[in-house]
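Student: Structure for this input, please:
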Amino acid sequence: MYPEGVVGLCTDMGVRNAWLGVGAVVTLAGLDLLGAYLAKEFSVKPRWIVMVAGLAAFGLLFFVYVKSLALTDLWVVTFGWVVLLEVGVLVLDRLRFDTHIPTHKMVLAGMIVILQVGLMLPSPHHSGAVPNVANSVGTVTRAASPRRTQARPSNSAPLPQKKRSRAASSNWSIAAPKISNGRLPPSGCG
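Tutor: Residues are numbered from 1 along each chain as shown. I've put the predicted structure just below:
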């Protein structure tokens, strides 16, 4: 059972990890905004110290991103980070670099941010079950291993086992969905 969105984050991970996830999102947005600011400064007046600081900011951003993915799902971290970054870039560009952004573009940007936040909220009709997406895409099946299908006489010694890598030992395939009357079967997603 994997609940969705912010409420699911708290339920599935526990309150402590949820707060760590939120902290990671804020840290990612802050580091990305710092890197964007340093890149803009470097483009105006190139100095090696600004470039080194920008590289350090983006290197640290990658490290925090990797660690945050151990706490929560990729899409939750990324959407939260992007939403905060978008707001931060608009504010930074307007206040620090005196960029004029027309009102209608600010309204559109605000609407986009609201829609993105809406994607992170839990679904109102969420039953707690994970939707069966495989039915609409295809069915994942596992082929039998050749080692298991070899026949051996009952009075003979066991067949020698070959050392195989983990990737080579599992034969996964995706079967195409059955299409009738030109329509895919229902996916189970609401």
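Student: all strands of the chain, in order?
Tutor: 139-142, 172-175 (DSSP state E).
Student: Give me the mean pLDDT for the last one.
Tutor: Which is strand 172-175. For strand 172-175, mean pLDDT is 47.
Student: Could you measure from the spatially closest residue to residue 64 that is not a sequence neighbour over to residue 104?
Tutor: Closest residue in space to residue 64, ignoring its immediate chain neighbours: residue 27 at 5.3 Å, by CB to CB, 6 or more residues apart in numbering. Using the backbone N, CA and C atoms, a C-beta is placed for each residue, glycine as well. Distance from residue 27 to residue 104, counting by CB to CB, to the nearest Å: 32 Å.
Student: More neighbours: which of the two?
Tutor: Neighbours around residue 27 and residue 104, counted as other CB atoms under 10 Å, are more numerous at residue 27. The numbers are 18 against 8.
Student: so the more buried one touches residue 63, yeah?
Tutor: No: look at residue 27 against residue 63 with CB atoms under 8 Å: they stay out of range, at 10.2 Å.
Student: Residue 23: neighbouring residues, count only.
Tutor: Using other CB under 10 Å, residue 23 is surrounded by 13 other residues.
Student: for it, what are its contacts?
Tutor: By CB atoms under 8 Å, 6 or more residues apart in numbering, the contact set of residue 23 is empty.
Student: Looking at the chain, which helix is longest?
Tutor: Using DSSP state H, we find that the single longest helix of the chain is helix 15-44.
Student: Thank you, goodbye.
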